[in-house]
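S.K.: Starting from these lines, generate the structure:
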Amino acid sequence: MTSLLDLFAVPPALLALGEPTHGESAFLQIRNEAFMSLAEHGYRSIALESDRAAGLIADEFVRGSAVVTLDRALAEGFSHGFGAAPANRDLLLRMREYNVGRSAAERLTFHGFDAPLEIEGAPSPRRYLTRVCDFLDLDRCAEIDDLIGDEARWSDTAAIWEPGRSIGCSADAQRLRVIADDLLTELYLQAPRRPEGWHTAFVHATSAVAVLRYHAAAAAPLKQEERFARLVEVRDALMAENLLAIRSAEAHRGPTLVFAHNTHLQRHLSTMTMAGTDVSWAGAGAIIAALLDDRYAVIVGSLGASPALGIEAPAPSTYEGRLQQGTTLPRYVRASDIETAEQRTHDYRYFPLDQATIEHADAVLHIPSGVNAAMLADRILALPGVEQFVASEENGSPESAWGDRFFYVGPDRRQPFATIVEHDVPGFDVASQLDRPGVFRLNLDLGRAEFENLFGFPPRAFEDHRHEFDFARLDTFVPHPGYALYGFGSIVMPGPHMLPEIDRLLAIAHARAVNRHERAERRAADQQTHAADQQD
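M.R.: Next comes the predicted model:
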């Protein structure tokens, strides 16, 4: 697949990589590969569509903190539930591993660039203001607590649709905005004396300002469709402000990769249908593009099909359909090379390509299809002579294996050449963390020669090397955690960019199964011949 940097004569200071929908892991997995490749060419930071204050915790893990565990980084270092995405686990681990032994100037940093809120509501600013007061040694917590009062006043989601219920324009909220502004001023005054921890306190201060701004927008007496448009554009303005601050902090170290939904990154106005009405607003990308000009580049994401999301393949006449032609693998395409086509039907799961999106983008990342267990099973069943056994209650399989798939050549089912499993086996096979939602593992009988070719040691030496592997990592062939001794390898939740290597190894495993089946048939024929001779 073409490298991102091959698309640009000069690497942009802020390179945006978009996805057209949330929930298709393939985009996150390709993002990980792209960022680690960019790191070898001077990119030193990544910013995700996630709460900036929460991202400080994830960054502590990335920087090698002994206090912040991986579980905590995933649980507290992401917003919007993104910490549950297996690819985000891999991103943090790969960044942390990259940073080992490197100087501060070379280390990778993790950022969130969203405000600490959802479209449907925002929290109170209490915890952010309190953190800043603690840093400055200011005793204003009692005053802040009195003004905030009951947290339920702030978290009431009905206030988004009923401005009269919003606390955003109350005297208490306005007083808190003054306090937040005063704390920001004090932070700057204290910077010469308190450089250690200043950046963290600054992020919490600006987060407090952000939620107070959002609550004020929610209190504006506008019509429903106008209110929605106003709220989403305020959120994007807060995103843009955070991106500019991140870029300022990272400018001396190298460029930054940004990853988010296309609507937050595209240069032109974003649109959405709300209650039957089309609303438009300037997204963070439109704001950034106006301010950074050619220092900002945009690669929008495009998707053919997603088994995980139930998105079917596009019609051939659409932009996505034409991008599907001639390849089954992900690819980057310069926007200028994409001809006019039909727009795919829009639904809540997917924002399709249209002419405006392409005209305002530098390139498109098109993924023909995401990969799930059923898709891989179809790929294996397309090989000659393959039969599938699916474990179920009806065929007497143990409950822990229901849904797992086993693939054989011929009727002799003593040894599968491939399996696709979706469950941990407590006490035996839990290293791949298969009980995470949507996670599965492909296992292949590689044989001794290919096993040693892949991993650098023979199957019999696996236990001496077990500690070298992260069996839960995606997109990485590793020895099978339970059957490596027998020459089996495995890969967890492979992305579409891994399909060529999967096909190569499938061919090896399938050929071994065919050879076993043919040998068994010859032995059976010889035995029949021998038995017949004895009868004669």
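S.K.: Show me what the helix or strand hosting A73 is packed against.
M.R.: Using DSSP states H and E, A73 sits within helix 70-76. If you count contacts as 3 or more Cβ pairs under 8 Å, 6 or more residues apart in numbering; DSSP states H and E, helix 70-76 packs onto helix 52-62, helix 86-99. In this view, the C-beta of every residue, glycine as well, is placed from N, C-alpha and C.
S.K.: would TSV of those helices with mean neighbour count be doable?
M.R.: Shown next, in TSV, are these (neighbours: other Cβ atoms under 10 Å):
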stretch	mean neighbour count
helix 52-62	24
helix 86-99	20
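S.K.: still on that earlier bit, in the helix holding A73, what counts as buried?
M.R.: Neighbour-count burial for helix 70-76, with 16 or more other Cβ atoms under 10 Å as criterion, is recorded at R72, A73, L74, E76.
S.K.: go on, stretch 482-501?
M.R.: Quick answer for stretch 482-501 (16+ other Cβ under 10 Å): 482-484, 486-499.
S.K.: Just the CA atoms of stretch 439-449, as PDB, please.
M.R.: Only the C-alpha atoms of stretch 439-449 are listed here, as PDB (Å, rounded to 0.1, in the frame of the first residue of the first chain):
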ATOM      1  CA  VAL A 439     -12.200 -10.100  18.800                       C
ATOM      2  CA  PHE A 440     -11.400 -13.400  17.100                       C
ATOM      3  CA  ARG A 441      -8.200 -15.300  16.200                       C
ATOM      4  CA  LEU A 442      -7.200 -17.200  13.100                       C
ATOM      5  CA  ASN A 443      -4.900 -20.200  13.800                       C
ATOM      6  CA  LEU A 444      -2.900 -22.000  11.100                       C
ATOM      7  CA  ASP A 445      -0.900 -25.200  10.900                       C
ATOM      8  CA  LEU A 446       2.300 -23.700   9.500                       C
ATOM      9  CA  GLY A 447       4.600 -26.700   9.900                       C
ATOM     10  CA  ARG A 448       8.100 -26.600  11.300                       C
ATOM     11  CA  ALA A 449       9.800 -24.900   8.300                       C
END
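S.K.: how about that stretch: buried residues?
M.R.: Result for stretch 439-449 [16+ other Cβ under 10 Å]: buried residues V439, F440, R441, L442, N443, L444, D445, L446, G447.
S.K.: what is the rounded mean pLDDT of that stretch?
M.R.: Taken as a whole, stretch 439-449 carries a mean pLDDT of 98.
S.K.: And the contacts of that stretch?
M.R.: Under the criterion Cβ atoms under 8 Å, 6 or more residues apart in numbering, residues 86, 372-373, 376, 415-422, 432-434, 454, 458-459, 480, 483, 486-494, 502, 505-506, 508-509, 512-513 lie in contact with stretch 439-449.
S.K.: go with 6 Å
M.R.: Applying Cβ atoms under 6 Å, 6 or more residues apart in numbering, the external contacts of stretch 439-449 come out as 86, 373, 376, 417-422, 432, 434, 458-459, 480, 487-493, 505, 509, 512.
S.K.: where do the strands sit along the stretch 151-300 of the chain?
M.R.: In the stretch 151-300 of the chain, the segments counted as strands under DSSP state E, counting those that start in this stretch are 256-261, 270-274, 277-281, 296-305.
S.K.: Going by contacts, tell me the helices and strands next to the first one.
M.R.: Going back to what we said before, that points to strand 256-261. Identification of packing neighbours for strand 256-261 by 3 or more Cβ pairs under 6 Å, 6 or more residues apart in numbering; DSSP states H and E yields strand 14-19, helix 25-39, strand 45-51.
S.K.: And the ones you listed: which comes nearest G403?
M.R.: Among the helices and strands packed on strand 256-261, helix 25-39 comes nearest to G403, with 18.7 Å by Cβ to Cβ.
S.K.: Could you list every helix and strand that that closest one packs against?
M.R.: Helices and strands touching helix 25-39, by 3+ Cβ pairs under 6 Å, 6+ apart, are helix 86-99, strand 256-261.
S.K.: ok, now with 7 Å
M.R.: Judged by 3 or more Cβ pairs under 7 Å, 6 or more residues apart in numbering; DSSP states H and E, the packing partners of helix 25-39 are strand 14-19, helix 86-99, strand 256-261.
S.K.: by how many degrees do the second one and helix 25-39 diverge?
M.R.: Note on geometry: by axes from the mean of the first three to the mean of the last three Cα atoms, to 10 degrees, helix 86-99 and helix 25-39 are set 10 degrees apart in direction.
S.K.: Same check on the last one?
M.R.: Between strand 256-261 and helix 25-39, the angle formed by their directions is 170 degrees, by the same axes, to 10 degrees.
S.K.: can I get the CA coordinates of strand 256-261 in PDB?
M.R.: Output in PDB follows, covering the C-alpha atoms of strand 256-261 (Å, rounded to 0.1, in the frame of the first residue of the first chain):
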ATOM      1  CA  THR A 256       1.400  15.500  14.100                       C
ATOM      2  CA  LEU A 257      -1.000  12.900  12.800                       C
ATOM      3  CA  VAL A 258      -4.700  13.600  13.600                       C
ATOM      4  CA  PHE A 259      -7.300  10.800  13.500                       C
ATOM      5  CA  ALA A 260     -11.100  11.400  13.700                       C
ATOM      6  CA  HIS A 261     -14.300  11.200  11.900                       C
END
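S.K.: when you give positions from now on, start the count at 53
M.R.: In the new count, where the first residue is 53, that last one comes out as strand 308-313.
S.K.: chain center to it: distance?
M.R.: Chain-centre distance of strand 308-313: 11 Å, with Cα atoms, centre = their mean, to the nearest Å.
S.K.: ok so, going back, ok, residues contacting the helix holding A125?
M.R.: Taking contacts as Cβ atoms under 7 Å, 6 or more residues apart in numbering, the residues outside helix 122-128 that touch it are A106, I109, A110, F113, G135, N140, R141, L144, L145.
S.K.: Quick check: the fourth one touching R146?
M.R.: No. Counting by Cβ atoms under 7 Å, F113 does not reach R146; the two are 11.8 Å apart.
S.K.: my guess is E445 meets S452, correct?
M.R.: No. Between E445 and S452 there is no contact under Cβ under 7 Å: 11.6 Å.
S.K.: Same drill for the two, tell me which one is more crowded.
M.R.: S452 (14 against 9; other Cβ atoms under 10 Å).
S.K.: Count the residues that sit near the closest residue to the more buried one other than its chain neighbours.
M.R.: In this structure, S452 finds its nearest non-sequential neighbour in H475, 5.5 Å apart by Cβ to Cβ, 6 or more residues apart in numbering. Using other Cβ under 10 Å, H475 is surrounded by 20 other residues.
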